[in-house]
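1. Below is the sequence, then the predicted model.
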Amino acid sequence: MRFIELFAGIGGFRLGLEQAGHKCVYTNEWLKKPASIYEKQFGDKPDTRDITTIRGDELPEADLIVGGFPCATFSIAGKRSGFSLEDTRGSLCFEMFRLAKEREIPYILFENVKGLLNHDGGRTFRVMLGALDELGYDCQWELLDSQNFGVPQHRERIFLVGNLRGHSRPQVFPIGSATRENESTDGREPKKREGFFSNISPTLDAHYTKGGASRQYVVTQWRRGSFRDYKSDGVPTLTATMGTGGHNVPFLVKEGEYRKLTPLECERLQGFPDNFTKYYADGTEVSNSERYERCGRTVSVPVIKAIGKKLYEF
């Protein structure tokens, strides 16, 4: 499929979909720093315009439009303001839907935090489904956990695939060993998955080094999690577990010593190639704090690749 990538960040959707055999024909990312990392890695300079100013007829022809629109207004780590006049990030999903309809793109794929499903008692997600329904898209979705796709990170995210009526419906979900709740457009919310798992890292987020805990880490601090960091020969060498002392972020443990995960290790937890976030397009180095933020704000590449394979087969 030829696809358009919106809210591109550093290109997690593109990397996974291209690994599955698809082709990116357009990218939009209005933040300069992630756009520059993207340009360094893919050789394409993203369109940095505000998405609300872009018209559908300005986009190239495509089969699929993808993106992870801003999630802070739905996440338990944010204020959960949802669709708000004070914070309009939550409403940017409608810009994605608008462009899909204006350009008559037959397929949509988006990702967002698990909290989208139960935000405002499930009404927020139902509003999104209603908007897609009015635009002519039927939807399927599933809650997927990155740990089931080859990366040692407990990261639950909702993935939705929409197809424009009149176009065949791809059989994407359920997928692999994903969380076993799969729903269609009937407004129901998938069941919640409880508990925390051993031998994996807790969820990475964008607040890793910002001096204080995000609420995600406060929640998971009380249940110990760990992950294995593999050498190139596949031998497990290190274990990560939750640190305490007010940091509320995962630490790496080796011979009784604690330290924060490095940006390289965070890249690996998301399935990116080593040092993917290390340089900007002009060759200057990205700060560690920016690298942590980019890793926390992107998708897990192997999950996107798995979905991409299903779409490729379709």
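-> Looks like it arrived, so ask away. Numbers count the residues shown, from 1 in each chain.

2. and residue 171, how many neighbours?
-> Residue 171 has 13 neighbouring residues, counting by other Cβ atoms under 10 Å. C-betas here are computed from N, CA, C, even on glycine.

3. With residue 37 instead?
-> By other Cβ under 10 Å, the residues close to residue 37 number 24.

4. which SS state does it fall under?
-> helix (DSSP: H, G, I helix; E, B strand; the rest coil).

5. What pLDDT is listed against it?
-> pLDDT, residue 37: 98.

6. Then residue 192?
-> We note a pLDDT of 35 for residue 192 in this prediction.

7. same question, residue 204
-> With respect to pLDDT, residue 204 has a value of 73.

8. That one contacts residue 153, correct?
-> Yes - using Cβ atoms under 8 Å, residue 204 makes contact with residue 153 at a distance of 6.5 Å.

9. In terms of neighbours, single out the busier of those two.
-> Set residue 204 next to residue 153 and count neighbours by other Cβ under 10 Å: residue 204 wins out with 27 against 23.

10. Quick check: nearest residue in space to the more buried one, chain neighbours excluded?
-> Residue nearest to residue 204 in three dimensions, not counting chain neighbours: residue 296, with 4.8 Å by Cβ to Cβ, 6 or more residues apart in numbering.

11. do the same with residue 141
-> Residue 141 sits nearest to residue 160 (Cβ to Cβ, 6+ apart), 4.1 Å away.

12. In three-state terms, label the one you found for me.
-> strand.

13. which residues does it form a beta bridge with?
-> Beta-bridge pairing for residue 160 (DSSP bridges): residue 110, residue 141.

14. what's near enough to touch residue 39?
-> With contacts defined as Cβ atoms under 8 Å, 6 or more residues apart in numbering, residue 39 is in contact with 45, 46, 281.

15. Okay, the last one and residue 14: tell me how far apart.
-> Distance from residue 281 to residue 14, counting by Cβ to Cβ, to the nearest Å: 15 Å.

16. Compare the two (neighbour count), which wins?
-> Set side by side, residue 281 and residue 14 show more neighbours around residue 14, with 24 against 14, by other Cβ under 10 Å.

17. what packs against the helix or strand containing the more buried one?
-> Using DSSP states H and E, residue 14 falls within helix 12-19. If contacts are counted by 3 or more Cβ pairs under 8 Å, 6 or more residues apart in numbering; DSSP states H and E, helix 12-19 sits against strand 2-6, strand 23-27, strand 64-67, helix 301-313.
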